[in-house]
Structures are given as C-alpha cells and as structure tokens.
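Enquirer: heads up, no residue letters with this:
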Ligand SMILES: Cc1ncc(COP(=O)(O)O)c(C=O)c1O
C-alpha cells in the first residue's frame, strides 16, 4: 500500500498491515476504547497536551483509567513522527480496554492497549474552503448525553458514521445533527458555528456534542481578535437565518458552510468571519 500508515504498538514502529490487535480486545468487540486525533504543525504535535487531557476525561467517562503517563505517549508519538517522511503528520492515538472474557464487564481486561497510528496529514479539497462545503441536517439525532455522552471521544462512532453516509446520499459533504429537542449539536467530526450580525455562536456542550479542542481555542481567540463568540442554543430556524455557518476541527481547521439542505447560507459564499477564523487558525499552526 502506498502511503501506508505506520503504527507504534508499544514495542516499536511497524507498517499498519503488520500491526495486530487481539481478537478478544473489548475495543474491537464493544467499541470499548477512547481515541484522539492530533496533527502536527511546523512538523511538531499541535495542542498535544489538550488532546491528552481530553483523552483522559473521555476514558474517565467510560470508567477506564489510562495507565500510560503523558510523557510516554509523547515519546511514542515522537518516535513515530521520526519514522514518517512527511512534513506534516496525522496521528490517531487509540487506548483500548484490552483482551478479556467475552462479557460486557471490563473487570477481566487487565492489559489495556495503546496504539498510535501515524500518516501523512490528509488535506481536504481546496474548494471546500474557497467555495465552502454543503451540509445536510440529517433525521438521525446526535447521541443523547444521558446515553453514551458525546463528550467522550470513544471508539463508538457508528452513529456519526451513519449520519455521514446519509448526508452523502443527500449530496452533502457532511451532516449536521440535532438533539432530541431539535437543537443543533455538531457535524460528524466537527463542531458547528453560526454567525449573526458579526457575533459567533456555537451550541453549549450540554446540548450533546464533543468539546472540540479547536472549538475551545476559537471561543478564546475570536474575542481576542475582536469577534464576539459565545455559546448559545441554536434551533433549526436560527440555523437557517444565520448570516454564516462554519465547522471546526483539528484536521479540518475552520471550514465555511455555504449550503444547508441545498439552500444557500447567507450569500452562498464563505463569509468574512469564517475567513478570519481560517486565517487565525493558519497563523496558530504557523507559530507552533
Ligand atoms: C464528533 C466530533 N465533534 C467535533 C470534533 C472536533 O474536535 P477537535 O477540534 O478537538 O478536533 C471532532 C473531532 O474529531 C469530532 O469527532
């Protein structure tokens, strides 16, 4: 395979096709794992500490204590980085419950696994930034926080995967999920934002969504750049009336949304606030 990802499995770095996960690992059997996606900027891991903090919070939410210190995870990532011949890399850090009896109870899983997958940083087509992306508000709801809380970034992304497949069938690049109250939550792997008269709003985490690292960063940085940014409940009507809509995520950065369910957002072109957000993110990457 060309551009085959490399894996650090704790013993060393090997090509993905040689890496093995035990068949009785509860991560494989039940989605009983947590993960993070980290990118490099200027060749170095970007906001790794924030990602590791969130990973430990995700783990705590599924009653899983990660036994590896941050320093060890960082060292493994740098070893993997050194083996990858790319300017910028994508890393997926997966911590899994480990093999055990075929029982839902995790008690018998005594050897949790830590796997780092590294590859060339994928790039989205430029037109998604210059023209914006199209999204569909899918019928499927985001997981209710009283079930598997979306704040936990776990190996159970099936609902998001199905939402994405359904959005693609509707001719959109991504899905927006509502919650059971009909309020906007987020996209399948990105947080969602609206702009109203120059003010930026994103749904509160309590609505049922991942507390994105990029989201937290934007909530701090936009106001510093003179753009008010707050959390607020967004219903479908408010979403449709927004001047601008955009998405945020580690690999995506800031991506304008220019059509929702086939209807243009604002003028149907990337808006000034999204463009400013893209610039700010690029500057942060450049100064990493
Ligand atoms: C469901 C979901 N929401 C939001 C995000 C964006 O989070 P971050 O900015 O930490 O990458 C992701 C990232 O993968 C995600 O999976």
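Expert: That came through fine. Note that this is a predicted model, so its numbers are computed, not measured.

Enquirer: Up against the ligand, what does the stretch 51-200 of the chain have?
Expert: Taking CB under 6 Å from any ligand atom as the measure of proximity, the stretch 51-200 of the chain contacts the ligand at 160, 186, 189, 190, 191. (Glycine included, C-beta is placed from N, CA and C.)

Enquirer: quick one: which of the residues you listed is nearest residue 45?
Expert: Lowest distance from residue 45 to those (CB to CB) belongs to residue 189, with 19.0 Å.

Enquirer: While we're on that closest one, how confident is the model there?
Expert: pLDDT, residue 189: 98.

Enquirer: doesn't residue 160 make contact with it?
Expert: Yes: here residue 189 reaches residue 160: they are 6.7 Å apart, a contact under CB atoms under 8 Å.

Enquirer: how close does the residue nearest in space to the middle of the chain get to residue 265?
Expert: Nearest residue to the geometric centre of the chain (CA atoms, centre = their mean): residue 189, 4.5 Å. As judged by CB to CB, to the nearest Å, residue 189 and residue 265 stand 20 Å apart.

Enquirer: Now do the residue of the chain most remote from its centre against residue 66, distance only.
Expert: Distance from the C-alpha centroid of the chain peaks at residue 101, with 31.0 Å (CA atoms, centre = their mean). Distance, residue 101 to residue 66, using CB to CB: 21 Å.

Enquirer: Chain neighbours aside, what residue packs nearest to residue 166?
Expert: The shortest distance from residue 166 to any non-neighbouring residue, by CB to CB, 6 or more residues apart in numbering, is to residue 138 (4.8 Å).

Enquirer: Could you do residue 232 as well?
Expert: Among residues not flanking residue 232 along the chain, residue 201 sits closest, at 4.2 Å (CB to CB, 6+ apart).

Enquirer: And the pLDDT at that neighbour?
Expert: pLDDT, read off for residue 201, is 99.

Enquirer: wait, isn't it in contact with residue 239?
Expert: No: shown here, residue 201 and residue 239 do not form a contact pair, counting by CB under 8 Å, at 10.1 Å.

Enquirer: List the residues that are in contact with both of these two.
Expert: Contact criterion CB atoms under 8 Å, 6 or more residues apart in numbering; residues shared by residue 201 and residue 239: residue 194.

Enquirer: ok so, going back, could you say which helix or strand holds the residue nearest to residue 166?
Expert: strand 133-141 (DSSP states H and E).
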